[in-house]
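Asks: Generate coordinates for the sequence data below:
(chains A and B)
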Amino acid sequence: MFLTDVRIPDSRRLGEVGDGWRVAQTTLNNERVAIGGMRLPREGGMIGPAAATWRERPELRTHDLHQRLLKLWVEAEVARLTGERLRQQLVAGQPGPEGAGMKLAFARLNQEISGLEVELLGEEGLSYDDWTMRRPELVDFTGREAGYRYLRSKGNSIEGGTTEILLNIVAERVLGLPAEPRTDKDVAWKDLAR
Amino acid sequence: MTDLLYSEEEEALRSAVRDLLTDHCDAAGVIARTESDAPHDRALWKALADGMGLAGLLVPEAHGGHGATHREAAVVLEELGRAVAPVPYLTSAVVATEALLACEAGELLADLASGRRVGALAVALHLAPGAAHRTVRLEDGTLHGELTGIADAAVADVLLVPAEDGGLYAVEADAVTITPQVSLDLTRPLATVTLDGAAATRIGDAGPAVRRALRAGAGLLASEQFGLADWSLTETVRYLKERKQFNRPVGGFQALKHRLAQLWLEVVNLRAAARNAADALATGEDVDVAVAVAQAYAAPVAVHAAEEAVQLHGGIGMTWEHPAHLYLKRSKADSLAYGTAGAHREAVAELVGLQAP
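Replies: Numbers count the residues shown, from 1 in each chain, chains lettered A, B, ... in the order given. Next comes the predicted model:
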């Protein structure tokens, strides 16, 4: 994004002057919670359509896919329980650091599960529902086919903070490990290598 | 709704157990014990069972217990796991006790609840709930045969033995020969039990009692595995903040930070899965799925945590004096105990209708 001579009225300012970083962080945190913190019933996430396909289409089943599906089913159920535990902590007024991890877990699970489902579909997995270019009105993970969900979920480990940055955040803020040495801290942004 | 948190009472119980273990179960002592002929810590067991009354948590008050639930027993096991404590809590106060509860064996229940006697279910440690187990021959009211892989049998006073007639029999330990096996995990050693005309009392049907005992054992083992994994993570993070190389704490290197952050995610997930299994056992709702999910998830996480602890400690983690090996051996043995993760994934497949091809 390039901004050149853009005039923005003070009425559009969010928060106090000098407080912009906090406002931006709050927005990003909410994005993470939105990706990772939805309350779900069992099989409520991406595992739902994959499990349904498995049940409805016995002719697609192989031993290899069965082992991988079961492992992901268990991981999805455990991630759901972790999200539920996080919500119970918030209700009890004891917020824990688990929130930082939810988005990491769901990004990986969404990608692996939708990838497995494309493979499970065999010949159909090579088809795609619709390549028409249009601005999406909302993110629709379940209303479209596995191929779309596989490609869309690739964004889950980038949007709202990449998985790599979130792992840094967990390591530094939750585990208290030292930060990487930085050479950019006392350099003006315009002078940084980019 | 499943309660996945710890109550104030459960947290108080945890700190009491942790205080006791801090004072009476240090790693050097556990290692020294594994080098002796008596790997179990009987004094610690007496303090936990007799002193604190923890052996009777699952036993109703009418039978001399505390009438608590699996949620409290799970908290005790988290702490025992964190200390790799060599006491027969899981085998006697959970597994044998559950078998006796299924048989409504009042007198033996009171014995085990008091902690003055230790019980062991004579079923091999690696068997999952519902798996076929070995039995012994019944001749003229006495038992004959050999059973291997019986955890903590060396300190048992009474063995609960399945016989070929489908009965579960109580047998006094001094009526059988118990031979220690050289075990991977010296803090929960196995033994062979040889019965040669042992006098026995039938206490009930083996089928439902063994199944119930192994299911509770598998479910609460997840809490022990959480304790093992949490120790491995916490101790490794602590060490990597201290240990310097290339003029920096090695915990500042991203290659290590990301591994520890990934491990933290797994440990956090394991706590939720273990609490869910303990709560399900306590309420009786959705128990089979909760236990199978917890066991399908717990074993690889506990093993991963211990393996990371050994690797990231570098040379010191390979020494006999450093306790990392205790956690590696216990978590690896636990990955077989009461069924492997694979066996529990197969159970999940049946329970939620994801049938094999």
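
Asks: Tell me how far the helix or strand harbouring residue B:32 lies from the chain's centre.
Replies: Assigned by DSSP states H and E, residue B:32 belongs to helix B:27-34. In terms of Cα atoms, centre = their mean, to the nearest Å, the centre of helix B:27-34 is found 19 Å from the chain centre.

Asks: Check stretch B:218-225 too.
Replies: From the chain centre to the centre of stretch B:218-225 is a distance of 6 Å (Cα atoms, centre = their mean).

Asks: Look up the pLDDT of the nearest residue to residue A:73 once chain neighbours are set aside for me, please.
Replies: Residue nearest to residue A:73 in three dimensions, not counting chain neighbours: residue A:47, with 5.7 Å by Cβ to Cβ, 6 or more residues apart in numbering or on different chains. No exception for glycine: its C-beta is placed from N, CA and C like everyone else's. pLDDT, residue A:47: 96.

Asks: Could you do residue A:161 as well?
Replies: pLDDT, residue A:161: 87.

Asks: Residue A:190 now?
Replies: 88.

Asks: quick one: the residue nearest to residue A:73 from residue A:147, how far?
Replies: Distance, residue A:47 to residue A:147, using Cβ to Cβ, to the nearest Å: 17 Å.

Asks: got it, and residue B:156?
Replies: Distance from residue B:156 to residue A:147, by Cβ to Cβ: 58 Å.

Asks: Name the residue in the two with the higher neighbour count.
Replies: For residue B:156 versus residue A:147, neighbours defined as other Cβ atoms under 10 Å in any protein chain shown are more numerous around residue B:156 (27 against 19).

Asks: Show the contacting residues for the more buried one.
Replies: By Cβ atoms under 8 Å, 6 or more residues apart in numbering or on different chains, residue B:156 lies in contact with B:88, B:92, B:118-120, B:173, B:178.

Asks: Need the max-distance pair from these.
Replies: B:92 and B:178 (14.5 Å; Cβ to Cβ).

Asks: more neighbours, the two?
Replies: A count of neighbours by other Cβ under 10 Å puts residue B:92 above the other of residue B:92 and residue B:178, at 26 against 17.

Asks: For the more buried one, give me its contacts.
Replies: Here residue B:92 is in contact with B:55, B:112, B:118-120, B:152, B:156 (Cβ under 8 Å, 6+ apart).

Asks: Buried members of these into PyMOL, please.
Replies: In PyMOL, selecting the buried portion of the contacts of residue B:92, with burial taken from 16 or more other Cβ atoms under 10 Å in any protein chain shown, looks like this:
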select buried, chain B and resi 55+112+118+119+120+152+156
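
Asks: burial count for the residue nearest to residue A:45 when sequence neighbours are not counted?
Replies: Closest residue to residue A:45 apart from its sequence neighbours, by Cβ to Cβ, 6+ apart: residue A:76 at 5.9 Å. Number of residues near residue A:76 (other Cβ under 10 Å) recorded here: 26.

Asks: Could you measure from residue A:76 over to residue B:310?
Replies: Taking Cβ to Cβ, one finds residue A:76 at 30 Å from residue B:310.

Asks: again with residue B:354
Replies: From residue B:354 to residue B:310 the distance is 35 Å (Cβ to Cβ).

Asks: before we move on, what about residue A:110?
Replies: Separation of residue A:110 from residue B:310 (Cβ to Cβ) stands at 32 Å.

Asks: quick one: contacts for residue 163?
Replies: No chain specified, so I'll use chain A. A:104, A:107-108, A:157.

Asks: Let me rephrase: I mean chain B.
Replies: Residue B:163 sits next to B:135-138, B:143, B:169, B:200, B:206 when contact means Cβ under 8 Å, 6+ apart.

Asks: swap in residue A:128?
Replies: Neighbour list for residue A:128: A:145, A:147-148 [criterion: Cβ under 8 Å, 6+ apart].

Asks: Apply 10 Å and report the result again.
Replies: When contacts are counted by Cβ atoms under 10 Å, 6 or more residues apart in numbering or on different chains, residue A:128 touches A:118, A:144-148, A:150-151.

Asks: hmm, which of those residues are the buried ones?
Replies: The buried subset of the contacts of residue A:128 - by 16+ other Cβ under 10 Å - is A:118, A:145-148, A:150.

Asks: Chain B next: which of the contacts of residue A:163 are close?
Replies: By Cβ under 10 Å from any Cβ of the partner chain, the members of the contacts of residue A:163 lying near chain B are A:104, A:108.
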